[in-house]
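*Asks:* Here's a sequence, model it:
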Amino acid sequence: MLEIKNLTLYTRHPILDSFSYAFEPGKLYGLVAANGTGKTTFFRAIMGLIKLKNGTVTIDGEDGEKKRRQLFYFESSEWFDTNLTGKDYLIFIKKKWKSSQNLQEVIDYWGMEDYVTVPIRKYSLGMKQRLLIAMYQVSQAPYLLMDEITNGLDEKSREALFLALKKMTLNGTMIILSSHYKEDILSICDAMITLENQEMKVKE
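*Replies:* A predicted model of the protein is given here:
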C-alpha cells in the first residue's frame, strides 16, 4: 500500500493542502487536473525527487525513501538521452529493477522491433511514448506513476495501453494515471482523483 499522510506542497504558489490517502494494490487511479495545477509536482513528491516539507509517504508501512525501487516513474519522453536506443533503456530498467519480464515480448507487443535498436533521436512522438510505456511494463514495479502517458498515442496504441494497464492491475499493480481530460480515462479507472484549489478529492 502507498500511503500519504498530511502532504502539503507548494512551489511558487500553493499546490496541495494536507492531503492524506491510502492507494491500494491492484487499483487504477485517474488523476485529473488542469495544466500547471501540480500533477507532476505531486508525482515528484511521491518519488522523493523534491524534498517534503510537510507530510509523509510510506510504502507497505515503511518510509518511501527506503522502498523507492517499488515505484516506477519516468516523467516524460523529454527525459530520454536521444543518443541511446530504446533497447538500451529497456535493458537498463530490467537490470535496475531486477525484473523477470521478457524484453522481446514487450517489444513485440508495442511493435517496436523495427526501431528499438535505433537512436531515440530518430523516433516520432508516438514511438517515444510506446517506449515509455514499455519501460513501465519491463520494470514490474508494484507501484506505477504515469504522467500524461496517453499523449501522442493513436487509437490503436491507446487500446493496447488500456489493455496492458488492466492486466497489470489484475496482477496486483497499483497505478496512478494523470490526464487533463477525465473522459479519456474514466472508463478504465477504479477511482478518480481531482486536484483543484489546493484540494485533492478521491471518488471511488
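*Asks:* hey, where'd the helices end up in the chain?
*Replies:* Applying DSSP state H to the chain gives helices spanning 39-47, 86-96, 103-109, 125-139, 155-170, 182-185.
*Asks:* Contact partners for residue 18?
*Replies:* Residue 18 makes contact with 6, 7, 8, 54, 55, according to C-beta atoms under 8 Å, 6 or more residues apart in numbering. To be clear about C-beta, it is placed using only N, CA and C from the backbone, and glycine gets the same treatment.
*Asks:* what's the closest non-adjacent residue to residue 161?
*Replies:* Take residue 161 and drop its neighbours on the chain: the residue closest to it by C-beta to C-beta, 6 or more residues apart in numbering is residue 133, 5.9 Å away.
*Asks:* is it true that that neighbour touches residue 149?
*Replies:* Yes. Under the criterion of C-beta atoms under 8 Å, residue 133 makes contact with residue 149 at 6.2 Å.
*Asks:* can you list residues touching both of these two?
*Replies:* What both residue 133 and residue 149 touch, as defined by C-beta under 8 Å, 6+ apart, is the set residue 161.
*Asks:* roughly how far out does stretch 117-133 sit from the chain middle?
*Replies:* How far stretch 117-133 lies from its chain's middle: 17 Å, per C-alpha atoms, centre = their mean, to the nearest Å.
*Asks:* Other residues contacting it?
*Replies:* 74, 76-77, 80-87, 89-90, 110-112, 115-116, 149, 151-154, 157, 161, 164.
*Asks:* If we go by neighbour counts, what in that stretch is buried?
*Replies:* Judged by neighbour count using 16 or more other C-beta atoms under 10 Å, the buried positions of stretch 117-133 are 120, 123, 127, 128, 129, 130, 131, 132, 133.
*Asks:* Same check on stretch 16-29?
*Replies:* 16, 19, 21, 23, 27, 28, 29.
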